[in-house]
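**Student:** what shape does this take:
(2 chains)
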Amino acid sequence: MLTKVHTGLDPVPGVWWKPAHKAEKVWVAIAFGWCMVLFAMMPLWHWKGGQNPSGVRRRVEPKAFYARTLAFANQYKVGEDRGLPIVAPPPGADIYLVGLTFQWYPILRLERGKEYMLHLSSLDVNHGFSLYPLNVNFQVVPGYDYGLRVTPTAAGDFRILCNEFCGIGHHTMVGRVIVVDEAGQPVADNEAARIRRGGAR
Amino acid sequence: MTAPAASLFRTCRVTGRRIHIQAEWLVKANAVVAVVALLVGATAALLLALTRWQAVHLLPPEWYYRLLGVHGMNMLIFFIIYFEMAVLWFAGTVLLNARPAAPKLGWTNFGLMLAGSLLVEWTQWTGRADVMFTSYPPLKAHPVFYLGVILFAVGALLVVAQFFATILIAKREKTYSGSLPLVVYGAATAAIIAVITLLHGALIYIPTFLWSLGLIPSVDPQIYRMLWWALGHSSQQINVAAMVAIWYLLGGLTVGAAVLNEKVSRWAFVLYILFISLASAHHLLVDPGFSPAWKIVNTSYFMYMAVLASMVHGFTVPAGMELGMRLRGFTQGMFGWLRRAPWGDPGFSALILSIVVFGFFGGITGVTIGTEQINIVAHNTLRVPGHFHATVVSGTAMAFMGATYYLLPLIFRRKVAFWGLAKAQPWLFAIGLLLLETGMTFAGSFGIPRRHWDISFSQAPFDVAINPAVDLFMAMIGIGGIMAVTGALAFILIAVKSVFLGEAVTEIPRGTAMAGIPQGLTNPPVYPPNVDALNQELHAPGRGIAGATPGTLVLVGVFLLAFMVYYFTNWKLLSFLWKIG
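**Tutor:** Take a look at the predicted model:
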């Protein structure tokens, strides 16, 4: 029943297609079962879970996407911070965020508990959308519009880091998202975002 | 076909194997270049670790990003693939007592690879290819960078073809009987995956090369990412297959590990070939270009069949070692075989550390962050390098180092220099890496990006309030990095001293321990004459499910439990986020 004892260095003589011992069979069966659990979790989360990277995906000309973003920013602009418009779209709106070396444009002001359709794309190279400190990450690819339904669940003054290398100024690419609660807190103005260098608050 | 002249071979005085002299030189040349690449990559690693350790922050940004590209190329491509070429020449000829197919062509291909590597190094070091290892367009490098990669890949592909030809020659000339040894079968698996991988590489690097010359207008960035990762990730699966083959090799050499069942182990290798190259999807889970169904099928290697393969090897390798030890009389209790294993043999300690860290750290984190939704909290954060250092470095590189301690006396016929250091080296390297990987994984869980020069964001328009705990994790990366690089440099020192200035080994007397010769060669694991009867006895039905290898069954149980806890914890963390979809 068993093959002659040998190591992995030896050629295997004769017929080696022998039934496995029970211990091996049991482990293979357990491992297979676990693999099926791993597999089932993903469709299950699409059905029952709240966080899925599915979205609406289509190709887009980078310049056209940029133009759409500028129009969106002009339409809902409520203020300005560091030369970037603060944009407060109504709940349910299509909202646009574009990455370009080395900036996220514009600053978004969203309301807690409301759903938005967030469109992500890039004007030039690949960028990485990384919502800090929540740690929500998406790849931003030029020529592709990634539309994600998002519902912010907590108010706060968030940052968008770039986590895909995009050039020598990659580490300076930081954007801003403000989520306000029903009382309009935190206030989305220059004061709320301190400048680390230069001493100004 | 006539048998080749005997003078082309030498007979190994230790193992009695017939070794082809040209093949042996090809093994040596590839191994030496691999070590040089390791030295370059390790030097870069030290500087990078000291930059990300925010308290030191050593390099200026342009050199940080440049050396990150250099580190990736030298470690993931050059060091690993040159070593794998050495493994192919070794497995194809030495283990089969065979002559190599067209050794002269072997040298041409080696030259091609070398020329390609030097071109890549030139463009990277001179700032002509500041595009990282991944070179995602529209970031553009100098055309010579892409040309260098293509030359290297063509050379490697041709060596793989020579490996297959060598097996065919061995079969025809009947240098071995029956079926291929499992180790060679594993190496052949790696070679087949290499073909798939390198073809994808050609499919994407050739258009990108033409684009860099201005001959075609653009390369689609999303399609590039898909095809590039069919090279970039699948080539890591060459490493997995080669590493598992080395596990079986070192298991045999150090403790006489028995193959439990050829059918099971070989099927697991076949599963690698069938499914592992779908892994390109791991990098595209939060990309815009692909549907959820595509992502789920591909990221799971078609229902986790390649994970199943690794879990099978994760049982059969240690269980084979347990059985080998038990058959040689180390039968006390559940773990007597492990306690009395040759821990002083750096080949053995490297093997154990490779298996444990690859499985518990690399495997579990990899499957978890490669889950479609969980990738949202992992993509491009430091969790990703935390994972792959545990697989490629703690797993593959560690196994290759362990194998080197046997190649030095067997192929280079030199004693291992600095024997005391050699015994400590696997531990130093593994512990340093564990610190580094733990630091990276936790920092990444706090959202710290990979490939990022400055997480103090001192030049950014907005301040970023980083959790103070992150400083600790970044310091772990720095300190762990220093330890791991010290371990790598110790390995390089040992290898170079042994090869070029080492004491020649003419004969290895059996039974007396000797400094500079691993225990598996001075006291080779020999089965007693009645081994087959003992094996029957250990597998007697009365011993129940645990059978011959109860200790391993307990160990894999612990592994599965750790896997489940980590996996479901990540789902829980994901559920706290904004609603997205």
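
**Student:** where along chain A do the strands fall?
**Tutor:** Along chain A, the stretches classed as strands by DSSP state E are A:56-59, A:77-81, A:84-87, A:94-100, A:103-105, A:107-111, A:116-122, A:127-132, A:136-140, A:144-151, A:156-162, A:174-180.

**Student:** could these be laid out in JSON lines, adding mean pLDDT?
**Tutor:** What follows is those, written out as JSON lines (pLDDT from 0 to 100):
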{"stretch": "strand A:56-59", "mean pLDDT": "92"}
{"stretch": "strand A:77-81", "mean pLDDT": "91"}
{"stretch": "strand A:84-87", "mean pLDDT": "95"}
{"stretch": "strand A:94-100", "mean pLDDT": "97"}
{"stretch": "strand A:103-105", "mean pLDDT": "97"}
{"stretch": "strand A:107-111", "mean pLDDT": "96"}
{"stretch": "strand A:116-122", "mean pLDDT": "98"}
{"stretch": "strand A:127-132", "mean pLDDT": "97"}
{"stretch": "strand A:136-140", "mean pLDDT": "97"}
{"stretch": "strand A:144-151", "mean pLDDT": "96"}
{"stretch": "strand A:156-162", "mean pLDDT": "95"}
{"stretch": "strand A:174-180", "mean pLDDT": "95"}
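
**Student:** present those strands as a markdown table; the columns should include distance to B:F83.
**Tutor:** Where you see a C-beta, it was placed from the backbone N, CA and C, and this is true even at glycine. Supplementary listing: the strands of chain A in a markdown table, determined by distance: least, C-beta to C-beta, whole Å:
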| stretch | distance to B:F83 |
| --- | --- |
| strand A:56-59 | 40 |
| strand A:77-81 | 52 |
| strand A:84-87 | 50 |
| strand A:94-100 | 39 |
| strand A:103-105 | 42 |
| strand A:107-111 | 49 |
| strand A:116-122 | 38 |
| strand A:127-132 | 32 |
| strand A:136-140 | 32 |
| strand A:144-151 | 38 |
| strand A:156-162 | 35 |
| strand A:174-180 | 41 |
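
**Student:** these: which one's closest to B:S310?
**Tutor:** The minimum distance between B:S310 and the strands of chain A falls on strand A:136-140, with 25.9 Å, by C-beta to C-beta.

**Student:** is any residue of that closest one near chain B?
**Tutor:** Yes. For strand A:136-140 and chain B, the contact criterion (C-beta under 8 Å from any C-beta of the partner chain) is met by A:V136, A:N137, A:F138, A:Q139.

**Student:** quick one: that strand to strand A:144-151, angle?
**Tutor:** Here strand A:136-140 runs at 160 degrees with respect to strand A:144-151, directions being taken by axes from the mean of the first three to the mean of the last three C-alpha atoms, to 10 degrees.

**Student:** for strand A:136-140, which strands pair with it and how are they oriented?
**Tutor:** Taking DSSP bridges as the criterion, strand A:136-140 forms sheet pairs with strand A:127-132 (antiparallel).

**Student:** contacting residues around the partner strand?
**Tutor:** A:97, A:99, A:104, A:120, A:136-140, A:158-164, A:166, A:173, A:177, B:379-381, B:447, B:449, B:464, B:578 (C-beta atoms under 8 Å, 6 or more residues apart in numbering or on different chains).

**Student:** rerun that using 7 Å as the cut-off
**Tutor:** Residues from elsewhere that reach strand A:127-132 (C-beta atoms under 7 Å, 6 or more residues apart in numbering or on different chains): A:99, A:120, A:137-140, A:158-164, A:166, A:177, B:380, B:447, B:449, B:464.

**Student:** thinking again about what came up before, would you list the residues of strand A:136-140 next to chain B in JSON lines and tack on neighbour count?
**Tutor:** Conversion of the residues of strand A:136-140 next to chain B to JSON lines gives the following (neighbours: other C-beta atoms under 10 Å in any protein chain shown):
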{"residue": "A:V136", "neighbour count": "24"}
{"residue": "A:N137", "neighbour count": "26"}
{"residue": "A:F138", "neighbour count": "27"}
{"residue": "A:Q139", "neighbour count": "28"}
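
**Student:** among those residues, which one lies nearest to B:G520?
**Tutor:** Taking the residues of strand A:136-140 next to chain B together and measuring to B:G520 by C-beta to C-beta, the closest member is A:N137, at 45.8 Å.

**Student:** that closest one contacts B:I369, correct?
**Tutor:** No. With contact defined as C-beta atoms under 7 Å, A:N137 does not reach B:I369; the gap is 10.8 Å.
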